[in-house]
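Trainee: Pasted the sequence and its predicted model underneath.
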Amino acid sequence: EVQLVESGGGSVQPGGSLRLSCAASGFAFDGYAMNWVRQAPGKGLEWLSGINWDGGSTNYADSVKARFTISRDNAKNTLYLQMNSLKSEDTAVYYCTKGPNRSTYYFQDYWGQGTQVTVSS
C-alpha cells in the first residue's frame, strides 16, 4: 500500500522558513518522480514543484521559484520542500504526491494527507 506522510508544517511569520518532509512507503521510492501541491483556503489545487527519480531534474511554479527548493533522499525514502521567504499567500495545506513514473512530474497518482502551513504575523 502506497503511503505518503507529510510533516514539518506549522505557523511562521512572514519572511520565515519551514522545511516540509514526506516519508514514503509501499513502493520503490527511487523509481518515481515526486511533487508538492498545495491548496489555499477557498482556492483550488496548485502544483508547486516536481523532482525526477534521482533529483537530477526539478521544476517549480512561478509563484515559488527562487523561494522554495525541492529535494529527495532516496536512501531515506523521503521528499523535502525547503520554503524560504514565506508570504501570507503561502498559507495552505501542502501535499506530497507521487508521479506516475520516474521522470514525469506535474502529474500524480497518490497523495499524502497534507500538512498545514500558516504564514501570519
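Mentor: Everything's here; your move.
Trainee: what's the burial count for the nearest residue to Q108 once chain neighbours are set aside?
Mentor: Using CB to CB, 6 or more residues apart in numbering and skipping the chain neighbours, the partner closest in space to Q108 is T97 (3.5 Å). In short, each C-beta sits where N, CA and C put it, glycine included. Residues contacting T97 under the criterion other CB atoms under 10 Å number 23.
Trainee: now T97, which residues is it bridged with?
Mentor: Beta bridges link T97 to N35, W111 when assigned by DSSP bridges.
Trainee: Contacts only, for it.
Mentor: Listed by CB atoms under 8 Å, 6 or more residues apart in numbering, the contact set of T97 reads L4, M34, N35, W36, V37, Q108, D109, Y110, W111, G112.
Trainee: change it to 7 Å
Mentor: Residues in contact with T97 (CB atoms under 7 Å, 6 or more residues apart in numbering) are M34, N35, V37, Q108, Y110, W111.
Trainee: thinking the last one is in contact with Y95, fair?
Mentor: Yes - in terms of CB atoms under 7 Å, W111 counts as a neighbour of Y95; the distance is 5.3 Å.
Trainee: which residues does the residue nearest to the spatial centre of the chain contact?
Mentor: Closest residue to the average C-alpha location of the chain: W36 at 2.7 Å, with CA atoms, centre = their mean. By CB under 7 Å, 6+ apart, W36 lies in contact with L48, S49, I70, L81, Y94, C96.
Trainee: Please apply the same query to W47.
Mentor: N35, V37, A61, Y106.
Trainee: same question, S88
Mentor: P14, V119, S120.
Trainee: Backbone dihedrals for the first one, both of them.
Mentor: This means P14. phi -50, psi 140 (degrees, to the nearest 10).
Trainee: hang on, the earlier thing: what's the closest of the contacts of W47 to K76?
Mentor: Closest approach between the contacts of W47 and K76, by CB to CB: N35, at 18.0 Å.
Trainee: Could you check the pLDDT of the closest one?
Mentor: Model confidence at N35, given as pLDDT, is 97.
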